[in-house]
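*Asks:* How does the following fold in three dimensions:
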Amino acid sequence: MSESASASASASAVPDEAVAPLIRGVSVLLRLTEAGGRLSPSDLERATGLARSTVDRITTTLARMEYVRQDGRDVVLTPRVMELGNAYLGALRLPGLLSARADALADELDESVSLAVADRDGIRFIHQATRRRAMSLSFRIGDLLPAERTAPGPLFATEWTEADWRHWRERRTRDPRDTSFPAVPPRTRPAPEPDPEPDPTPAATPAPPPNSHPDPDDFATRTTRASADGWSLDDQLIEPGLVAVSVPVRDPENGRIACVASVVSHTSRRTAADLRSALLPRLRAAVAEMEETLRTAPPTLPAHSATGLAAWTSASKHELGRGFVESLARGLTVLTAFGEGRAAPTLTEVANATGLPRATARRALITYTHLGLVEARDRAFVLTPRTLSLGFPALSRLSLPQIATPHLADLSSRIQESSTLAVLTEDHEETQYTAGVPAPHVLSVRIAVGTRLPARATASGRVLLDPRDGYALVDGVLEEGLRSLAVPVRDRAGRVVAALGTALHAARRTPEQCVADLLPALWATASHISADLAAASRFTPTPLT
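*Replies:* Residues are numbered from 1 along each chain as shown. Predicted structure coming up:
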């Protein structure tokens, strides 16, 4: 179900114990995601139907949690909000276990490879291994597509119940042009009346001619065929030129479809028939390897102990007063109780992992169940793929310079000096500058993005080559009167991947003043960039340039 349709469908039956501020906060995150990660408060007011004062309190709370930031008049999603989607992907385990095999298959075939999971009558991508070409064939992690316009869709539909088919037909009737799926182009013509449930005898369905294009409006027939064949084809159902072949990856414990692996190409490279004849055998072999990986995977790690987030929300409420919606903040922390080793926690485990009272955690879980973000299974709870709709698609392709630039601007405004981000070139001989914000001075250091300088002559280069002291200070080496200071930026594993630096004229600060006045601000900013990078890169590759 699309985000908009799900929200409207559930609005009429809100449980008495649901947390209304949490519902409103999730609505704001959904609207921001659908808009690509940026909206003005006025646009948010119109998109959500909330009062402006409510929007302001919600965005203030989300900013305190570092899930959004202000950029001029706009509210912008930040990489830290990806922690919510990371909780789902970590609990799912599939990206961590299977992404390396998907990447290897993409390298071998020189085609894009994706992994997708079912989300009611749609599919969501959980991994993408793309090819570097001018015409890129990929979707964003977390993007939702209508099942009938994809290759994985018919495979997932082989496990649908009668209620699932009924839900699909209702959605097709309500949204015949797929306008509630922003990740795909709208249909050029309205869809006809949905077809009935598939014939339970797959052999009774005749095969289409070899070169015919599957009809997205004949979804039941395609589902029956997929059930018989064990694979499915997308011949330009999403848009002209895009073709894909898919095979299900089955859970070794219950035999159900855990995810679907797809090879995606363009008709300028391969036809759908080529995919079926040339690449399907290799895809099937790769899926068999994936299933073996799932079968032999070690058990998950034990659940973490309390994080102290509940105390943090209380302190934030005390500091910000009415501007901070504590029930929203506490509700969002409940999603962090899930993850690897906590795929299906009980209410008690959720309360212990967050430090929240059981009653507070219970009301948040009731709210998420109502919103379709959580499913209750006996005494346990699991996140649904819809959790990825909370910011993930809009941010899943960020590069490190894009992540760092807002932090550089904030740093420069605070220290009144220029700020830069740099990486080492492959030969480690030069420093390449990938982002920068100049200082508001007549005489200021302006290093253009892309500039390369000798690594040993710059503070950034020296801290990249040898971060032992946690910073580097260079005085007059590159140019007389130029003084520079830099600190390391680290990835999730603690490796130094970039340098955050500032440069200034020697007349403005002595070397001792640079260390005393500027170094603490640089360290704090580098810490924020590293934290954002950790959230953004946990399940998606983040380019460093």
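
*Asks:* where along the stretch 251-400 of the chain do the helices fall?
*Replies:* For the stretch 251-400 of the chain, applying DSSP state H, counting those that start in this stretch gives helices covering 272-274, 280-295, 309-320, 326-335, 347-354, 358-371, 392-395, 400-415.

*Asks:* out of the ones you listed, nearest to residue 141?
*Replies:* helix 392-395 (6.0 Å; CB to CB). Every C-beta, even on glycine, is put in place using the N, C-alpha and C of the backbone.

*Asks:* how about low-confidence regions in the stretch 151-300 of the chain?
*Replies:* 189-217 (pLDDT under 70).

*Asks:* Put together a markdown table for the helices of the stretch 251-400 of the chain, with mean neighbour count and distance to residue 90 on each row.
*Replies:* Output for the helices of the stretch 251-400 of the chain, formatted as a markdown table (neighbours: other CB atoms under 10 Å; distance: least, CB to CB, whole Å):
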| stretch | mean neighbour count | distance to residue 90 |
| --- | --- | --- |
| helix 272-274 | 17 | 35 |
| helix 280-295 | 16 | 16 |
| helix 309-320 | 16 | 17 |
| helix 326-335 | 24 | 11 |
| helix 347-354 | 20 | 13 |
| helix 358-371 | 20 | 17 |
| helix 392-395 | 25 | 13 |
| helix 400-415 | 20 | 20 |
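
*Asks:* quick one, which of those helices is nearest to residue 257?
*Replies:* helix 280-295 (10.9 Å).

*Asks:* Quick one: residues in contact with that closest one.
*Replies:* Outside helix 280-295, the residues within contact range by CB atoms under 8 Å, 6 or more residues apart in numbering are 97-98, 101-102, 104-105, 108-109, 231, 245, 247-252, 258, 261, 263.

*Asks:* Now render the helices of the stretch 251-400 of the chain as TSV, adding distance to residue 497.
*Replies:* Formatted as TSV, the helices of the stretch 251-400 of the chain follow (distance: least, CB to CB, whole Å):
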stretch	distance to residue 497
helix 272-274	39
helix 280-295	28
helix 309-320	28
helix 326-335	28
helix 347-354	30
helix 358-371	35
helix 392-395	18
helix 400-415	7
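
*Asks:* rank those helices by mean pLDDT and give me the bottom one.
*Replies:* Lowest mean pLDDT within these: helix 309-320, at a mean of 84.

*Asks:* Give me the angle between that one and helix 326-335.
*Replies:* Angular relation of helix 309-320 and helix 326-335 on a 0 to 180 degree scale: 150 degrees, by axes from the mean of the first three to the mean of the last three CA atoms, to 10 degrees.

*Asks:* quick one on the thing from earlier: among the contacts of helix 280-295, which are in helices?
*Replies:* 97-98, 101-102, 104-105, 108-109 (DSSP state H).

*Asks:* If I look at residue 8, what pLDDT would I see?
*Replies:* We have a pLDDT of 46 for residue 8.

*Asks:* In space, not sequence, find me the middle residue of the protein.
*Replies:* residue 392 (2.9 Å; CA atoms, centre = their mean).

*Asks:* just checking, that residue touches residue 144?
*Replies:* No: applying CB atoms under 8 Å as the test, residue 392 and residue 144 come out as separate, 10.7 Å apart.

*Asks:* following the helix or strand that contains residue 513, which helix or strand comes up?
*Replies:* Assigned by DSSP states H and E, residue 513 falls within helix 511-513. Of the helices and strands lying after helix 511-513 in sequence (DSSP H and E), the nearest is helix 519-537.

*Asks:* what comes up buried for stretch 240-256?
*Replies:* The neighbour-count check on stretch 240-256 (16 or more other CB atoms under 10 Å) flags 242-250 as buried.

*Asks:* what's the spacing between it and its chain's center?
*Replies:* Stretch 240-256 sits 21 Å away from the centroid of its parent chain (CA atoms, centre = their mean, to the nearest Å).

*Asks:* Can you check the distance spanned by it, start to finish?
*Replies:* 32 Å (CA to CA, to the nearest Å).

*Asks:* ok, now stretch 533-545?
*Replies:* Terminal-residue distance, stretch 533-545 (CA to CA): 13 Å.

*Asks:* Name the residues that touch that stretch?
*Replies:* 79-83, 85-86, 89-90, 95-96, 99, 126-128, 141, 395-401, 403, 423, 432, 434, 489, 491-492, 497-498.
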